[in-house]
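Visitor: I'll drop the sequence and a predicted model, then ask my questions.
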Amino acid sequence: MRKKQKVKGIKMEKLKDEIASIFKEIKVNIAQDTKLIISAKKEQVLNLLRFLKDKGYNHLALISCVDWIEEKEFELVYILGSYLEKGGKGHIILKTRIHRKKPKFKTIIPIFENAEPYEREIHELFGVDFEGHPRLTHLFLERDYKIPPFRKDFDTREYVKEVFEKIPFVEDKK
Amino acid sequence: MDRTNIKKWLKTPDKMSQKYSLWAVYFCTGCGIIEIPPVITSRWDAERFGVIPVATPRQANLFLITGYVSLKTLKAIIRTYELMPDPKYTVGFGSCPINGGMYWDSYNTIKHLDKYIPVDGWIAGCMPRPEAIFIAVTHLWTMIDKEMATGYKRYKENYEYYRHNQERLFGKLEWPPLYPINEEKTEGEGN
Amino acid sequence: MKTERELELYFGPQHIGMVGNFSITLKVEGDRIIEASANPGYLHRGFEKLMEYRTWIQNFPMVCRINVIEPDSMEMVYAMAVEKLAKIEVPERANYIRTIVLELARLTSHLFGCWAYANMLGFDTVAQWAMYHRDLLLDLFEELTGARVYHIYIWPGGVRRDIPKGFKDRVLNTLHTIGSCIPDYDNTFFNNRLFYKRAKNIGKISKDEAKKLGATGQILRAAGIKYDIRKVEPYAVYDKVNFEIPTREDGDAYSRVWVIRDEMIQSVHIIMQCFEKMPQGEVYNRVPNPFKWKIPKGETYVRVESSRGELGLYLVSNGEDKPYRVHFRTPSYPHGLIILEKLLKNASIADVGNIMISLYVVAPEIDR
């Protein structure tokens, strides 16, 4: 059994109560002693991020996207850590859901400046449109695909058969 | 070793001088790049085989394609290969250029490098050891002696088929064809 | 506003100063860079999509190929995430062996960084020495795991096999050989006046900028912020060994390289302490039938301090035998795409390689 670490600054329990009292209609739970998982509606995300940044969670580690194809929704995930300036250990996972058909969301660049390449990548690989983003151009891919490649209905093995295997060897052509 | 064999030098000076100074283009194409710095530094010294890395393709005659090839990299590889002067030799390094390797079902890597540029030899492994590179270089010497390393001649003769494959993958290419194209050879091909 | 002297240059993938397959587009006016934009994508394989088609165990050989220079930290973070979701315990001896392997990997990665940086500046002698010493460490890896580069040694539930007889003596001998050359390294490179002139005040980043742009790892420590995940959120046995976190104040290329040198010395201390404190016991907790293994539903985020910064993994499982979503948070992603573009503004063309390699950007980590 490891020794329990002394949590300096704000404890997770206090933070959880504070969030639940200020913001209505969100679900907060604590998992595995240093992680807080918050599920919020999409209108509350920007306010929640500003609130958490003021509390000391000023390091945006990751923006990710999960494709729940059966429920016909995308789930955007924001993971925040802290540089231990004002307090707060561990990290916070903030999740929200958006529609799968014509997905759109607001950009969080005014709050966290380093969100730019993460949103560009999600736009390219999942097809989510971020309003207010300064440059939503190609990052990794060389061409446009009919279905963005990381969605669950894009089958890579079918794509490989159609595009790459049909090109013949040079010796066969002669 | 026939490096000191004067008769052989006088008979075929062009082959002997190509064999013992194969200069490789410095292009880190894939994950195989992790075994190239040990090869060119002091422990597994490649300069005793005559192989050194050079800065531009105009000065080189060996092209080591280390690891898997993605679509963007293939464009850079084709342009680098066409810039190298004749005679030139290509060696595929690792199992990924042979038939796709571990990324056989990826949408962004090509599976057979042989369809787009001619390859003289392959080195299997993931990663191959530095000794495998030296064995490949000595095999290449034997092939040059027996005139079997003819990748650049095949490229010139079958240029229409190679160019047709490249255009099938990329659409219209931004650079003009290297050799004049005879349209009748590829006319019967479907799209 | 485009003036008549503006040119667009490509510091492209085939270039003698580029380590890795990466490209930068530079807009220059004379010798001064006005704007730089990074072009990643030359090494994109769609890793996270491919991992959804393979079972949990089949993903292990795939995971170590994301960062080719230090593959052990990727295996560690994947094993930690799977163990958290499936609630598997790791025996104590396996934790000590994992720490030793991770610190040896950190040493090889830092020596590779020294080769790249010294070559870029023109100190070829030190580059050859660094590569030679790194090769001696790769011999140790070959004895322990069977391969020089891709090890596949850290497994969920422990490590694959115990350390062989006499391994401890060989490791300590090799570290002694490398350690006794440190005065030579200092005299030739680290204390050299030319290195000071070439690297001082180049690529300078302040404390607030580093925090705002999402930097982690040496960039933070060279700017004066003492932040290391091994102390903040310890994993393996980092809470049982004593080591320090070296920091500098200036935040330029000179400080970053000095932080690397000090970290290598701390790694040697950690390895020696681990060998002294290691208990006897098992190294592997058996998993029942790993080929038909189903992991319960859940999600998790774990992180590890790799040699370049914070390496994290966001893993979602749907209760099946394949992962539902895998997303790696690699340290070179913010360094190579945001910080590089900011630092290259108003620099001169001759300093592009210097700045890029002192940030320790590894191209396959960006593209995955």
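Guide: It's in.

Visitor: then the helix or strand bottoming out on mean pLDDT in chain B to CSV, C-alphas only?
Guide: For chain B, counting by mean pLDDT, DSSP states H and E, helix B:6-11 ranks last in confidence among helices and strands (a mean of 82). Taking Å, rounded to 0.1, in the frame of the first residue of the first chain, the C-alpha atoms of helix B:6-11 are listed here in CSV:
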residue,chain,number,x,y,z
ILE,B,6,45.1,-3.9,-60.3
LYS,B,7,44.1,-6.1,-63.1
LYS,B,8,40.4,-5.8,-62.2
TRP,B,9,40.8,-2.0,-61.8
LEU,B,10,42.2,-1.7,-65.3
LYS,B,11,39.6,-3.9,-66.9
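
Visitor: what about stretch C:93-110 and chain A, touching?
Guide: No. If you take Cβ under 8 Å from any Cβ of the partner chain as the test, stretch C:93-110 misses chain A, and the best it gets is 10.5 Å. Backbone N, C-alpha and C define where each C-beta goes, glycine included.

Visitor: Any residue of that stretch touching chain B?
Guide: No. Residues of stretch C:93-110 are not located near chain B by Cβ under 8 Å from any Cβ, the shortest gap being 10.2 Å.

Visitor: any idea how far that stretch is from the chain center?
Guide: 12 Å (Cα atoms, centre = their mean, to the nearest Å).

Visitor: Could you tell me which residues make contact with the residue nearest in space to the middle of chain B?
Guide: Note on chain B: the residue nearest the mean C-alpha position is B:Thr90, at 1.7 Å, using Cα atoms, centre = their mean. By Cβ atoms under 8 Å, 6 or more residues apart in numbering or on different chains, B:Thr90 lies in contact with B:Leu62, B:Phe63, B:Ile65, B:Tyr81, B:Ile117, B:Pro118, B:Val119, B:Asp120, B:Gly151.

Visitor: If we use 10 Å, what do you get?
Guide: B:62-65, B:77, B:81, B:84, B:97, B:113-114, B:117-121, B:149, B:151-152, B:155 (Cβ atoms under 10 Å, 6 or more residues apart in numbering or on different chains).

Visitor: Now that we have those, which of them are buried?
Guide: When the contacts of B:Thr90 are checked for burial by 16 or more other Cβ atoms under 10 Å in any protein chain shown, the buried set is B:62-65, B:77, B:81, B:84, B:97, B:113-114, B:117-121, B:149, B:151-152, B:155.

Visitor: So which of the residues you listed reach chain A?
Guide: B:Asp114, B:Pro118, B:Tyr155 (Cβ under 10 Å from any Cβ of the partner chain).

Visitor: From the residues you listed, list the ones also adjacent to chain C.
Guide: Among those, chain C is touched by none when using Cβ under 10 Å from any Cβ.

Visitor: Okay, and which of those map to helices?
Guide: Among these, the subset assigned to helices under DSSP state H consists of B:Tyr155.

Visitor: Return the closest of the ones next to chain A among the buried ones among the contacts of B:Thr90 with respect to C:Val302.
Guide: B:Asp114 (41.8 Å; Cβ to Cβ).

Visitor: if I look at whichever residue of chain A sits closest to chain C, how far off is B:Glu35?
Guide: Residue nearest to chain C within chain A (Cβ to the nearest Cβ): A:Asn114, separated by 3.5 Å. Using Cβ to Cβ, to the nearest Å, A:Asn114 is found at 34 Å from B:Glu35.

Visitor: Settle it for me: which of those two has more neighbours?
Guide: Taking neighbours as other Cβ atoms under 10 Å in any protein chain shown, A:Asn114 and B:Glu35 compare with B:Glu35 leading, 24 against 21.

Visitor: Surely the more buried one and B:Phe134 touch.
Guide: No. Counting by Cβ atoms under 10 Å, B:Glu35 sits too far from B:Phe134 to count as a contact (11.9 Å).

Visitor: which residues are common contacts for those two?
Guide: With Cβ under 10 Å, 6+ apart as the test, B:Glu35 and B:Phe134 both reach B:Trp44.

Visitor: What residues does C:Ala222 make contact with?
Guide: C:204-205, C:210, C:215, C:246-260, C:358.

Visitor: Buried ones among those residues?
Guide: Here, 16+ other Cβ under 10 Å leaves C:204-205, C:210, C:215, C:246-248, C:250-260, C:358 buried among these.

Visitor: ok, C:Leu315 - contacts?
Guide: C:51, C:77-78, C:80-82, C:84-85, C:295, C:298-302, C:323-328.

Visitor: name the helices or strands packed onto the next helix or strand after the least confident helix or strand of chain B?
Guide: With elements assigned by DSSP states H and E, the helix or strand that comes after helix B:6-11 is helix B:13-19. Helix B:13-19 is packed against helix B:6-11, helix B:130-145, with contacts defined by 3 or more Cβ pairs under 10 Å, 6 or more residues apart in numbering or on different chains; DSSP states H and E.

Visitor: where do the strands sit along the chain?
Guide: Going with chain A. Assigned by DSSP state E, chain A shows strands spanning A:27-31, A:35-39, A:59-68, A:73-81, A:91-99, A:104-106, A:129-131.

Visitor: you looked at the wrong chain, it should be chain C
Guide: C:6-11, C:23-29, C:32-39, C:154-155, C:158-159, C:298-306, C:309-317, C:325-329.

Visitor: Make JSON lines from these and add mean pLDDT to it.
Guide: What follows is the strands of chain C, written out as JSON lines (pLDDT from 0 to 100):
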{"stretch": "strand C:6-11", "mean pLDDT": "88"}
{"stretch": "strand C:23-29", "mean pLDDT": "91"}
{"stretch": "strand C:32-39", "mean pLDDT": "90"}
{"stretch": "strand C:154-155", "mean pLDDT": "87"}
{"stretch": "strand C:158-159", "mean pLDDT": "88"}
{"stretch": "strand C:298-306", "mean pLDDT": "89"}
{"stretch": "strand C:309-317", "mean pLDDT": "91"}
{"stretch": "strand C:325-329", "mean pLDDT": "92"}
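
Visitor: what pLDDT does the spatially most central residue of chain C get?
Guide: Chain C has C:Ser307 as the residue nearest its centroid, 3.4 Å off, counting by Cα atoms, centre = their mean. Predicted confidence (pLDDT) for C:Ser307: 91.

Visitor: contacting residues for the nearest residue to it once chain neighbours are set aside?
Guide: Counting by Cβ to Cβ, 6 or more residues apart in numbering or on different chains, C:Ser109 is the residue found nearest to C:Ser307 once chain neighbours are left out, at 4.0 Å. Applying Cβ under 10 Å, 6+ apart to C:Ser109 gives the contacts C:67, C:69-73, C:134, C:260, C:264, C:306-308, C:360, C:362.

Visitor: Pretty sure the residue nearest to the centre of chain C sits against C:Leu104.
Guide: No. The pair C:Ser307 / C:Leu104 is not scored as a contact, 11.3 Å apart, by Cβ under 10 Å.

Visitor: which residues are common contacts for those two?
Guide: Common neighbours of C:Ser307 and C:Leu104 (Cβ under 10 Å, 6+ apart) are C:Asp72, C:Ser267.

Visitor: Next, the contact list for C:Ala253, please.
Guide: Here C:Ala253 is in contact with C:117, C:121, C:195, C:198-205, C:222, C:343, C:351, C:354-355, C:357-359 (Cβ under 10 Å, 6+ apart).

Visitor: Great, nothing more from me.
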